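>>> Give me coordinates for this.
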Amino acid sequence: MLSGNLLWVLSGTMLLGIAAGITGTFSFLQKQSLVGDAAAHAALPGIALAFLLTGQKELPILMLGAGITSALSVYCIQWIVSFSKMKADAAIGLVLTVFFGVGVVFLTVVNRSPLGNQSGLNNFIFGKAATMTKADLMWLFISATIIIVVSLLLYKEWKLLIFDPVYAKGIGLPIEALKATLTVLIVMTIVTGIQAVGVILMSALLIIPAASAKLWTKKLSTMLILSAAIGGIAGITGTFISAIRTGLSTGPIIVLVAAGIFFLSYFISPTGQISKYRRKMQFRKQGDVG
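This is a model prediction of the structure:
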């Protein structure tokens with residue numbers, strides 16, 4: 001029998017996976033996936049600094065710190081690309097390593113402080129959903145619900161922005177505001193999931209479900225549903241395995257489950273390797289007959 005707390009945790013990580021699948025799809029199609037990776041790594045210094053300044057491990061405070069440094073990292077990437085000759089991939093790599101390095105330094109300072117052993121901040125690196133309290137889960141539920149609702153409300157606008165930005169601008173849509181809103185939701189998704197999945201692997205939960213869904217369909221609405229389902233399945237399955245195998249971090253297990261779904265899709269989806277091989281063999285047979 002599953003305990004009541006475990007059921008809450010499973011429900012929370014499933015909802016997180018759904019939210020990550022939806023925002024990750026828009027991010028993936030907008031080609032902002034690597035920006036999300038940098039923002040996820042940049043959350044670590046915000047978490048550690050928030051704890052150093054307050055001495056409290058209250059999730060809202062840590063989420064605020066993570067959100068500030070994650071948003072700052074995205075701004076830094078945009079600033080570097082706009083005001084230098086550095087390309088986006090190089091700017092992302094630079095910002096990611098610098099912010100994460102600063103985070104490791106801050107985390108070392110926390111661990112050496114009198115409250116370091118009780119802080120539990122190391123769980124934020126790879127995630128540990130089992131350590132989440134009901135208050136933490138309530139924050140997760142609220143944040144994930146907001147992310148899902150806002151994403152669905154802006155579905156039509158983001159669809160135009162992704163597939164026909166010229167037309168979207170022509171009919172008067174606020175392009176920059178829509179891009180900024182998407183960035184905010186990506187950061188919010190990362191901040192929401194860092195305790196369950198961890199700062200290092202949270203970006204994978206944004207990317208893998210969307211990449212898997214893309215192998216099955218080219219229709220955005222179907223892709224969103226599939227990505228949300230894959231994210232939810234990965235979240236609940238990875239958390240359950242982590243819970244029954246004491247000592248395993250949640251984040252890596254969730255990502256491994258998502259990766260397993262991706263590789264399965266890579267082979268058996270309509271655009272997968274098995275389908276390609278079958279079409280190739282049919283083409284050869286037609287050629288031989290001709």
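
>>> pLDDT weak spots in the stretch 101-250 of the chain?
115-119, 246-247 (pLDDT under 70).

>>> For it, which segments count as helices?
For the stretch 101-250 of the chain, helices defined by DSSP state H, counting those that start in this stretch occupy the ranges 116-119, 123-126, 134-153, 155-163, 165-170, 175-197, 202-214, 220-244, 250-268.

>>> Out of these, which gets nearest to Ser73?
helix 175-197 (8.9 Å; CB to CB). Just so you know, the C-beta spots here come from the backbone N, C-alpha and C atoms, and that holds for glycine as well.

>>> centre of the chain versus the closest one, how much separation?
Averaging C-alpha positions (CA atoms, centre = their mean, to the nearest Å) puts helix 175-197 9 Å from its chain's average.

>>> cool, stretch 71-87 as well?
Counting by CA atoms, centre = their mean, stretch 71-87 comes out at 21 Å from the chain centroid.

>>> In it, which residues are buried?
Neighbour-count burial for stretch 71-87 flags 71-74, 76-78, 80-81 (criterion: 16 or more other CB atoms under 10 Å).

>>> now do stretch 123-131
For stretch 123-131, using 16+ other CB under 10 Å, the buried residues are 123-130.

>>> among the helices of the stretch 101-250 of the chain, which is the most enclosed?
Highest mean neighbour count among the helices of the stretch 101-250 of the chain (mean count of other CB atoms under 10 Å): helix 202-214, with a mean of 27.

>>> Touching, Ile194 and Ser203? I think so.
No: assessed by CB atoms under 8 Å, Ile194 is found out of contact with Ser203, at 10.7 Å.

>>> what touches both of these two?
Residues touching both Ile194 and Ser203 (CB atoms under 8 Å, 6 or more residues apart in numbering): Ala40.

>>> Looking at the buried residues of stretch 71-87, which one is closest to Lys156?
Among the buried residues of stretch 71-87, Val74 lies closest to Lys156 (CB to CB), at 24.4 Å.

>>> Identify the residues contacting the closest one.
Counted by CB under 8 Å, 6+ apart, Val74 has contacts 35, 38-39, 183, 187.

>>> What of Gln30?
158, 161-162, 179, 182.

>>> if we go to 6 Å?
Neighbouring residues of Gln30 by CB atoms under 6 Å, 6 or more residues apart in numbering: Ile162.

>>> And the helices of the stretch 101-250 of the chain: which comes nearest Gly12?
Among the helices of the stretch 101-250 of the chain, helix 134-153 sits nearest to Gly12 (CB to CB), with 4.6 Å.

>>> so what's the residue sitting nearest the centre point of the chain closest to, chain neighbours aside?
Nearest residue to the geometric centre of the chain (CA atoms, centre = their mean): Leu206, 3.1 Å. Nearest residue to Leu206 in three dimensions, chain neighbours excluded: Gly24, at 3.7 Å (CB to CB, 6 or more residues apart in numbering).

>>> re the thing from before, from the contacts of Val74, which is closest to Met14?
Minimum separation from Met14 among these (CB to CB) is found for Val187, which lies at 21.3 Å.
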